[in-house]
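Colleague: Predicted structure and sequence below. I'll ask about it afterward.
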Amino acid sequence: MQLSGREVSCVRGGRKVFSRLSFDAASGEALAVIGPNGSGKTSLLRLIAGVLAPAGGSIVLEGGEAELTLPEQSHYLGHHDALKPALSVSENLIFWRDFLGGAKSSPAESLAVVELDHA
């Protein structure tokens, strides 16, 4: 598999964060995203995960599951978690499943898939 970005641009809040960014990362390789605060590192990760839409360019995954989109094959874990501390693990999973319109699997099944059913 190979993740590629071509001429990717990102605009947030009316401000150009970066433009014409290109990159490649093949299976088994690492892509280091470095830069000062505000340079667009988190925005790039959000673009890859489908949380944000690029203002220009494209990001593609070659060799992945053809019937799935890139966001369906990627995961974004930011420095602020998306868990609500007032809810249990199961309640958090149900909330995000329903919010994102996911398949109606049980929290126990979801935890088993990622081998966290023991937790």
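Modeller: Thanks, I have it. These numbers were taken from a predicted model, which means no experiment stands behind them.
Colleague: From now on I want contacts and neighbour counts done on CA atoms only, so please keep to that.
Modeller: Fine.
Colleague: how much space between the residue nearest the centre of the chain and T69?
Modeller: Geometric centre of the chain, nearest residue: A49, 2.4 Å, by Cα atoms, centre = their mean. For A49, the distance to T69 equals 10 Å [Cα to Cα, to the nearest Å].
Colleague: can you check S58 too?
Modeller: Distance of S58 to T69, computed by Cα to Cα: 13 Å.
Colleague: Compare those two and say which is more crowded by neighbours.
Modeller: Neighbour tally, S58 and T69, criterion other Cα atoms under 10 Å: the higher count belongs to S58, 18 against 14.
Colleague: So C10 lies in a strand, does it not?
Modeller: Yes. Read with DSSP: H, G, I helix; E, B strand; the rest coil, C10 is one of the residues of a strand.
Colleague: got the domain boundaries for this structure?
Modeller: 2-73, 81-119 (automatic domain parsing).
Colleague: Check the separation of the first and last residues in the longest one.
Modeller: Okay, so that is domain 2-73. The first residue of domain 2-73 is 12 Å away from its last residue (Cα to Cα).
Colleague: as a whole number, average confidence for that domain?
Modeller: Averaged across domain 2-73, pLDDT comes to 90.
Colleague: mind saving the C-alpha coords of the longest helix along the chain as CSV?
Modeller: Of all segments of type helix in the chain, defined using DSSP state H, the longest is helix 89-100. Extracted in CSV, the C-alpha atoms of helix 89-100 (Å, rounded to 0.1, in the frame of the first residue of the first chain):
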residue,chain,number,x,y,z
VAL,A,89,-16.6,2.8,27.4
SER,A,90,-19.7,1.2,26.0
GLU,A,91,-21.7,4.4,26.1
ASN,A,92,-18.8,6.3,24.3
LEU,A,93,-18.7,3.7,21.6
ILE,A,94,-22.5,3.8,21.1
PHE,A,95,-22.4,7.6,21.0
TRP,A,96,-19.7,7.8,18.3
ARG,A,97,-21.2,4.9,16.3
ASP,A,98,-24.6,6.6,16.2
PHE,A,99,-23.1,10.1,15.6
LEU,A,100,-21.0,8.8,12.7
